[in-house]
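Peer 1: With the sequence up front, the predicted model follows.
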Amino acid sequence: MANRGSRLFFFDYKIELNIGDAFCQRLLGLGRLFSSALGQALSVEAKRRPLLLICYGMGSFIVKKSVFQALAPQPPSPLYGTLSGIVFIGALHLVSASDGPWENWRRILKLHRKDVSETILGSKNFDELAQVCERFDKLNLQFRVMSVFQRPGVSRSRMFRSQKGSALVEEAYAITRSKGEYLVGLPLSYTDLQSVEPGGDLYRELLGFIHKLSPRRVAYESALEMPETAGPVTPQQQPLRGMCPITGYWARNAAFCGRDDILDQIHKVLMPSENQDSQGGDDDELGLSPFKSVLIHGMGGLGKTEIALEYVHRHKTEFQVIFWIDSSNQQGLKTGISVMRSKLGLSMTPQLRDPLYSNASDSSKLDSSIKWLIVFDNANDHSVLVDFWASDHLLLGGNGSAIVTSTNTPVGCFDPLFTIHLPPMTVEEGSHLFQRLYISGEQQGSIETWAAITAKVGGLPLAIARTALGMRYKHIRPDEFVNYYDRHAKEFHAYCDERLSEHYNLASRWKIERLQPSTLALLQIISVFDPVAIPEHILTGCLGEVKLQHYPKDIGAYIDARGDLITYHLVSHNISPRFLAIDGLLQDIVRYQMDTTTLENVYNTATELLLAVFPLAYCSNLYEVKRLREVQEYLPHVVAFKRVLQGKTGPVIQPHINVCALLNDASWFYILQQSGYSLLEAKQFASLSQVVLESESVSNRKARGYEDEELLDKLLADSYRYQGISEMHMNDISAVKRCRIWMFTLLSGIKRFNDPEDIQTLPIAHNEVGMAWMCTRYKDKAEEAEESWALACKASDQAAQPGKLAFPFPWVHRALIAAYYTGDYHAAETLVAPILEQREEHWERDGIATIETGLILAFMGNFRYLQGKSGEAYELHTRAASVLRSALGDNSVYASFAYYRLAVDEYERGMYSKAKELLEKCLPVYGDVPWYKPRSARCIWKLGRTLHAEGGNDNKAEGSKLLEKAMKLRRELAPDDKREESELGDQDWDELVFYFFR
């Protein structure tokens, strides 16, 4: 796999296996040794190749320890400057001593050594190793991680298995949850994972991962090598007197005009008036001056840089320090920051990971009274600003502001305070700019003439400048130009400064009108997708079947059309992974130029292309995690479809009803992955689906080719379905009505079409109607709910299919009512235990194939808790938390439900720090969302009690504040309950919560 320019570095280690608890200490101690040895190996050739770490088994702990030390706020190891990615092969990633199969590590050791002491890897070791994994989880990694686990399907003769029949390193316990993590499951034994055979599965996966590493992210320059342009480093800060001259900027544009509204917006953010509310947030609480920032983004040619320049010159007397930094790449940013610190006399420590970082005393910072402004120009790759936005601006000190110009919208860690999506110039602004640039005493032209010219070039300042230059060169009067332009527009755009032609060097309107038909058709399709990343497999998935006129019919025609779009700078192309990107404003221009009929045809074609790859929900996969993750990949495009459908840009259209399948599935995704206000999104998608389906009469649909009445009924039923479910989770009284309409529509469809899928859906509908009856305002409707669940169980039995699991929730809900309302814990267990056993036989123990397993484990844990079997409850809740975290991540209502139940168990076991950690994970999920208020109040109360129990003056003070806040929320939720906080227990707070999440 290595070529002649590659260098290999092997780190071999050996630890005695008869040293008991000291084993873990010796293992983690190798982290620093590894960093030191690697630093000597890199030495002078650190920049020669980006570094990729590949580790196997327990070596993962050494690497994780080193990476944490490299990124911690201290002089870092050599890893930081060169690391491009990490491959973990057969490495368990367990973040708590109670999280997962720790015993598998001892089994792994025994595969290689027979003299493994029984005292190795005890509970004390688990805590230390889990802490390493937990710290690694919290790092904001700027490189890719690949995790290789064992996939089911290995023969028992080849794989060393645990007593429970599962692989040693399963997917659920290999995931590190790093941003952009690449997961690989291979049907290999654990010992086979350490052998990379050329041409084998692992070899191919490694090769593919290496090829996917982005060169822009792996070529970090070493901070040990200061740029020559940085000037001398002055260790002592010089006092600033008066205004510091602007450094690194371009000359002011004398022809600048207009854009006053944009300049005013920038100034209001960077220089807020005294009576304006502070927006400093955490900075204010720390006693620091708030950092203020503005992002100006939009496609090339709109004048972003000119606006930033004009602002700097208009307000330069209001700042004492102004720097202009070319941020088009990492080196430009580093050079600019080095120059800045040098000129300000701020010390720089060569050992630090970046010239802007400093561990020196406050003398290395600006005085808090100094106002400074940095302009990061051309920061199209926002990753170059991650460090600055994370903390570096704090290390400069002073009273800071920043302006960023970029062609891209903000992503990831880069989070500016205020964003401006720059539009083209207005007709009035463009007319004035034309007049300034044309400068001819003979014929200035009327304002109407200039307005017509501005409209023809799309209001883009760059296009206006080039057109004015062409007019002067050709001696064409403004009144002549209006007619001349249509025939000779290309000539006007030929007169340009090549330095300005990086992005959109022609007026978008002119280019779009003159594209080849197949190229234009491709651009029109792209205009309705999400602009950030459009996977090419969507665009090419069914080329020969696309009905849109002129759309490429084969891969060759597609490549030609794509090449034209790239040549004209209308799209950008990413080779691996293969996707196209386009500016959102350019999409708007393309859509505006289409009439209603054309846009409808384009929209319907885009819908067909996306449906060809989209994993639609059926009864058999409603809760499958794999489908959920695939939907997440395509969801931005469904969101874009919704935006077009709502007529926010371009004509209002009446699409084919096929799009409602996507809208309904998006609604279900937001319900399953609910957090924050996502339930509102769920309801909006489902409501829009209903609007589309009901917007035309049957006769009109048939005339337009929408004759599939069975599909119409099915989609309409689903739109009611997801509206009802989202309303139910929001405690909306409309949920019962909506779910019953769904039931009526479903029964009508079964009667007319007798579709097997509808018959399988019937128990699900009865189940949701029962849940709707149990909404907070329908507490007296438990009998109606029980009746619905009984019907659901009956319908499920009738629709049962050999070898397939039944929909489990009707039995689960009946068990919950038995446990919470009648106290019949034995009946509850009898209903649910067989379901859990069947699922574990069908899938695997604690598998993350479906969300249902995690929820059922949590409910079983609740029943054990109510029975007084705290040990069994703790085990079940631990398993539930692990499954739901792996399936949905921490930021999920379902995961937070399991975390809360586990926190209660930890509290009763006296493990207050663990309980506190779990409760603190729950609160951000609930936020200030009204329908989560009962759960939020309960969680705040339990956290307050936990802090009191943990002890310490600070904990008790903070705990008292939390208890007071919880009681305030409780008074709002249960105003008739006059009891004091000391009189309340867990059950009292549980009763506030919707029964499903108790």
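Peer 2: Done, it's in.

Peer 1: Can you show me the helices along the stretch 501-650 of the chain?
Peer 2: 508-513, 517-526, 536-540, 555-567, 584-592, 596-611, 625-645 (DSSP state H, counting those that start in this stretch).

Peer 1: can you put the ones you listed in CSV and add mean neighbour count?
Peer 2: Every residue, glycine included, has its C-beta placed from N, CA and C. Listed next are those as CSV, based on neighbours: other CB atoms under 10 Å:
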stretch, mean neighbour count
helix 508-513, 21
helix 517-526, 22
helix 536-540, 18
helix 555-567, 15
helix 584-592, 21
helix 596-611, 20
helix 625-645, 18
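
Peer 1: Next, count neighbours for Phe614.
Peer 2: Phe614 has 21 neighbouring residues, counting by other CB atoms under 10 Å.

Peer 1: Please parse the chain into its domains.
Peer 2: Under the assignment automatic domain parsing, the domains of the chain span 22-218, 228-421, 427-507, 836-997.

Peer 1: rewinding a little: for Ile420, find the nearest of the helices of the stretch 501-650 of the chain.
Peer 2: Nearest of these to Ile420, taken as CB to CB: helix 584-592 at 12.1 Å.

Peer 1: so where's the stretch 51-200 of the chain shaky on pLDDT?
Peer 2: Flagging of the stretch 51-200 of the chain using pLDDT under 70 yields the residue ranges 70-82, 99-100, 112-119, 142, 152-166, 180.

Peer 1: burial measure for Glu170, as a count.
Peer 2: Neighbours of Glu170 (other CB under 10 Å): 25.

Peer 1: Leaving out the residues flanking it, which one is nearest to it?
Peer 2: Using CB to CB, 6 or more residues apart in numbering and skipping the chain neighbours, the partner closest in space to Glu170 is Phe149 (6.1 Å).

Peer 1: quick check, the one you found in a helix?
Peer 2: No: assessed with DSSP: H, G, I helix; E, B strand; the rest coil, Phe149 is strand; it does not lie in a helix.

Peer 1: now the strands for this structure?
Peer 2: 51-56, 83-89, 144-150, 182-186, 292-297, 321-326, 366-377, 397-406, 418-421, 534-535, 572-574, 579-581 (DSSP state E).

Peer 1: The ones you listed: which one's closest to Ser719?
Peer 2: That would be strand 534-535 among those, by CB to CB, at 26.7 Å.

Peer 1: what's the average pLDDT for that closest one?
Peer 2: For strand 534-535, mean pLDDT is 94.

Peer 1: and it, what other elements does it pack with?
Peer 2: strand 579-581 (3 or more CB pairs under 8 Å, 6 or more residues apart in numbering; DSSP states H and E).

Peer 1: From the contact counts, what lies against the strand it packs on?
Peer 2: Counting by 3+ CB pairs under 8 Å, 6+ apart, the packing neighbours recorded for strand 579-581 are strand 534-535, helix 536-540, strand 572-574.

Peer 1: Run the chain-centre distance for the second one.
Peer 2: Its chain's average C-alpha position is 22 Å from that of helix 536-540, according to CA atoms, centre = their mean, to the nearest Å.

Peer 1: ok, back up a step: of the helices of the stretch 501-650 of the chain, which approaches Phe136 most closely?
Peer 2: The closest of the helices of the stretch 501-650 of the chain to Phe136 is helix 625-645. By CB to CB, the value is 21.8 Å.

Peer 1: From the chain's centroid, how far away is the closest one?
Peer 2: 13 Å.

Peer 1: got the CA positions of that helix in CSV?
Peer 2: Presented in CSV, the C-alpha positions along helix 625-645 are these (Å, rounded to 0.1, in the frame of the first residue of the first chain):
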residue,chain,number,x,y,z
VAL,A,625,-31.5,2.2,12.4
LYS,A,626,-29.9,1.5,9.0
ARG,A,627,-32.8,3.0,7.1
LEU,A,628,-32.8,6.0,9.5
ARG,A,629,-29.1,6.7,8.7
GLU,A,630,-29.8,6.5,5.0
VAL,A,631,-32.7,8.9,5.3
GLN,A,632,-30.4,11.3,7.2
GLU,A,633,-28.1,11.4,4.2
TYR,A,634,-30.9,12.4,1.8
LEU,A,635,-32.9,14.5,4.2
PRO,A,636,-31.3,17.9,3.1
HIS,A,637,-32.7,17.4,-0.4
VAL,A,638,-36.2,16.7,0.9
VAL,A,639,-35.9,19.9,2.9
ALA,A,640,-34.9,21.7,-0.3
PHE,A,641,-37.9,20.2,-2.2
LYS,A,642,-40.1,21.5,0.6
ARG,A,643,-38.7,25.0,0.2
VAL,A,644,-39.3,25.0,-3.5
LEU,A,645,-42.8,23.6,-3.0
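
Peer 1: I'd like the average pLDDT over it.
Peer 2: Mean predicted confidence for helix 625-645 is 91.

Peer 1: Which residues lie in contact with the residue lying closest to Thr850 once chain neighbours are set aside in this structure?
Peer 2: In this structure, Thr850 finds its nearest non-sequential neighbour in Tyr623, 4.6 Å apart by CB to CB, 6+ apart. By CB atoms under 8 Å, 6 or more residues apart in numbering, Tyr623 lies in contact with Leu672, Thr850, Ile851, Glu852.

Peer 1: do you know how far Tyr623 is from Leu884?
Peer 2: The span separating Tyr623 from Leu884 equals 11 Å under the rule CB to CB, to the nearest Å.

Peer 1: Give me the common contacts of these two.
Peer 2: Common contact partners of Tyr623 and Leu884 (CB under 8 Å, 6+ apart): Ile851.

Peer 1: just to revisit the earlier point, out of the contacts of Tyr623, who has the most neighbours?
Peer 2: Thr850 (24 neighbours).

Peer 1: hang on, the earlier thing: the residue nearest to Glu170 pairs with what?
Peer 2: Gly185 (DSSP bridges).

Peer 1: what's the burial count for it?
Peer 2: Count around Phe149 with other CB under 10 Å applied: 24.

Peer 1: Tell me who's in contact with it.
Peer 2: Phe149 makes contact with Gly90, Ala167, Val169, Glu170, Glu171, Tyr173, Ala174, Leu183, Val184, Gly185, Leu186 under the criterion CB under 8 Å, 6+ apart.

Peer 1: give me that answer again for 10 Å
Peer 2: Contacts for Phe149 (CB atoms under 10 Å, 6 or more residues apart in numbering) come out as 88-93, 167-175, 183-186, 193.
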